[in-house]
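Chemist: okay, structure incoming, though there's no sequence with it:
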């Protein structure tokens, strides 16, 4: 019974060491250097967001991914921009169709 417990403890310790080594060697695939604590790379212009602005959007990395508040903020800003653009397109299409009827 004691031998089985010792083998189990040794197997768990070896598995933990192998996991930690693999995590250190392979990481999670990040290419970005870590930011100083409290810094945020999340930036978007106040209005007229372009495709390049979205492509260059970066989020602060935290222990298990990205900082949720920054991602939520960016998604809210982008959804507002999409709604604004769709409303403008609809307005222009209505104006164009009314001009063709007249």
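Modeler: Structure's in. What do you need? All values derive from a computational prediction rather than experimental measurement.
Chemist: if you rank every helix and strand of the chain by mean pLDDT, what lands last?
Modeler: strand 61-62 (a mean of 76; mean pLDDT, DSSP states H and E).
Chemist: so where is the chain shaky, pLDDT-wise?
Modeler: Within the chain, the stretches with pLDDT under 70 are 27-41, 102.
Chemist: strands of that one, residue ranges please.
Modeler: Secondary structure of the chain (DSSP state E): strands at 61-62, 65-66.
Chemist: export these to a markdown table and tack on mean neighbour count?
Modeler: Bear in mind the C-beta positions are built from the backbone N, C-alpha and C, glycine included. Shown next, in a markdown table, are these (neighbours: other CB atoms under 10 Å):
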| stretch | mean neighbour count |
| --- | --- |
| strand 61-62 | 13 |
| strand 65-66 | 12 |
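Chemist: could you dump these into a markdown table with distance to residue 4 added?
Modeler: Formatted as a markdown table, the strands of the chain follow (distance: least, CB to CB, whole Å):
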| stretch | distance to residue 4 |
| --- | --- |
| strand 61-62 | 40 |
| strand 65-66 | 39 |
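Chemist: can you name every helix or strand that the longest helix that the chain contains contacts?
Modeler: Ranked by number of residues, the top helix in the chain under DSSP state H is helix 68-101. Using 3 or more CB pairs under 8 Å, 6 or more residues apart in numbering; DSSP states H and E as the contact test, no helix or strand touches helix 68-101.
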